[in-house]
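Colleague: With the sequence up front, the predicted model follows.
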Amino acid sequence: MALEIKTLGDPVLREECRDVEAVDREIDELIEAMGETLKASPGRVGLAASQVGVLKRLFVFDTGSGLRCLINPEIVETADETMCEEGCLSLPGVYVSIPRFGRVKVRCMTPSGHRIAIEAEGFAAQLLQHECDHLEGVLIIDRCDPEEKKRALEEYQQLAIQREQATA
């Protein structure tokens, strides 16, 4: 069952998520539903629990080699800051240029309860940072400069009006 993706303006997107204490049936079902939601969003690769209204520290992603889930992720090392073009399911149609690290190391837990560390670079590093931001209540528009943010918000409003007119 695909879940509703929360969009800009929904207060849940600005909330800080809480740690997952145990992986139980509820968490397993959430991961499965989030995977289905991500699969139903063509061209998108990651989805944080807060984006579907659940304030738990986990996200799912698929970069082409199958669905993965990271629980209680924490970025512990970064290197090589660069500028990246980025979009978000919670700001559909909007892309901004923001600073990200080219390499990161993330400590987390897998759905099977294993504690692991993941080292990523390039697009994978960007993805991990984006989803970890969501777990802190941070959106891509919070990472760009004021002028870019203003442009992105205006574009988002115009696209929202167009979506409303298309469904009317």
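Modeller: Cool, the structure landed.

Colleague: what element comes up after the top strand by length along the chain heading to the C-terminus?
Modeller: In the chain, taking DSSP state E as the definition, the longest strand is strand 68-87. Downstream of strand 68-87, the next assigned helix or strand under DSSP states H and E is strand 95-109.

Colleague: how about that following strand: buried residues?
Modeller: Judged by neighbour count (16 or more other C-beta atoms under 10 Å), strand 95-109 contains these buried residues: 96, 98, 100, 101, 102, 103, 104, 105, 106, 108, 109. All C-beta atoms are positioned from the backbone trio N, CA, C, and that covers glycine.

Colleague: With stretch 1-10 instead?
Modeller: Here stretch 1-10 shows 3, 5, 6, 7, 8 as buried, counting by 16+ other C-beta under 10 Å.

Colleague: The longest strand of the chain - contacts with which helices or strands?
Modeller: helix 25-39, strand 58-61, strand 95-109, strand 115-121, helix 123-135 (3 or more C-beta pairs under 8 Å, 6 or more residues apart in numbering; DSSP states H and E).

Colleague: from the chain's centre, how far out does the last one sit?
Modeller: By that I understand helix 123-135. Centroid displacement of helix 123-135 relative to its chain, using C-alpha atoms, centre = their mean, to the nearest Å, is 6 Å.

Colleague: Only C-alpha atoms, please: export that helix in CSV.
Modeller: Output of helix 123-135 as CSV, limited to C-alpha atoms (Å, rounded to 0.1, in the frame of the first residue of the first chain):
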residue,chain,number,x,y,z
PHE,A,123,25.5,10.5,-5.8
ALA,A,124,25.2,7.9,-3.0
ALA,A,125,26.8,10.4,-0.5
GLN,A,126,24.4,13.1,-1.7
LEU,A,127,21.4,10.7,-1.2
LEU,A,128,22.4,9.7,2.3
GLN,A,129,22.8,13.4,3.3
HIS,A,130,19.5,14.3,1.8
GLU,A,131,17.6,11.6,3.7
CYS,A,132,19.5,12.2,6.9
ASP,A,133,18.4,15.9,6.6
HIS,A,134,14.8,14.9,6.5
LEU,A,135,15.2,13.0,9.8
